[in-house]
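S.K.: just need the structure, nothing else, for what follows:
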Amino acid sequence: MNSKDKGKRGEREVANILKAHGYDARRTAQFCGNTGEAADVIGLDGFHLEVKRCETTKIWDWIHQAERDHKADTVPLVVFRRSHEQWQVALSLEAFLDMLKKLKEQTDGREKVNSNLS
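M.R.: Here you go, the predicted model:
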């Protein structure tokens, strides 16, 4: 299997995993790498996904690609794996901490609502 086919298969695999978790995800139709929608997989609002299914990890190249291609209102993510391994996600610490802050705010808001109902 050539690397392009492996990449396409990886993109479909990630899209299917997201679908299984309730997201309306799909692989973008990329021709020569430029569709106006630079993400490999769409449907995870607020995130730009670069999917890499590769035996050799070039994480910094992939991170720079995601950071270069993402839109201002999205968080660049690299979703990657090699054969016989689990999918992994790479994102900046700043983006991770922002996600934790938003999750905490949502959780705190729910706790306040629940305590008012008691």
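S.K.: got the residue ranges for the strands in the protein?
M.R.: Taking DSSP state E, the strands of the chain run over residues 26-27, 41-42, 47-53, 75-81, 88-90.
S.K.: quick one: list the elements packing against the third one.
M.R.: The one in question is strand 47-53. Secondary-structure packing of strand 47-53 (3 or more Cβ pairs under 8 Å, 6 or more residues apart in numbering; DSSP states H and E): helix 3-20, strand 41-42, helix 59-69, strand 75-81. Bear in mind the C-beta positions are built from the backbone N, C-alpha and C, glycine included.
S.K.: buried residues of it, list them for me.
M.R.: By neighbour count on 16 or more other Cβ atoms under 10 Å, the buried set for strand 47-53 is 47-53.
S.K.: among those, which one sits closest to Arg9?
M.R.: Taking Cβ to Cβ as the measure, Arg9 sits nearest to Arg53 out of the buried residues of strand 47-53, at 6.5 Å.
S.K.: how many residues are close by the closest residue to that closest one other than its chain neighbours?
M.R.: Among residues not flanking Arg53 along the chain, Gly10 sits closest, at 2.6 Å (Cβ to Cβ, 6 or more residues apart in numbering). Per other Cβ atoms under 10 Å, the neighbour tally for Gly10 reads 22.
S.K.: Gly10 contacts Lys52, doesn't it?
M.R.: Yes - when contacts are counted by Cβ atoms under 8 Å, Gly10 is listed as touching Lys52 (7.0 Å).
S.K.: with that, I have no additional questions.
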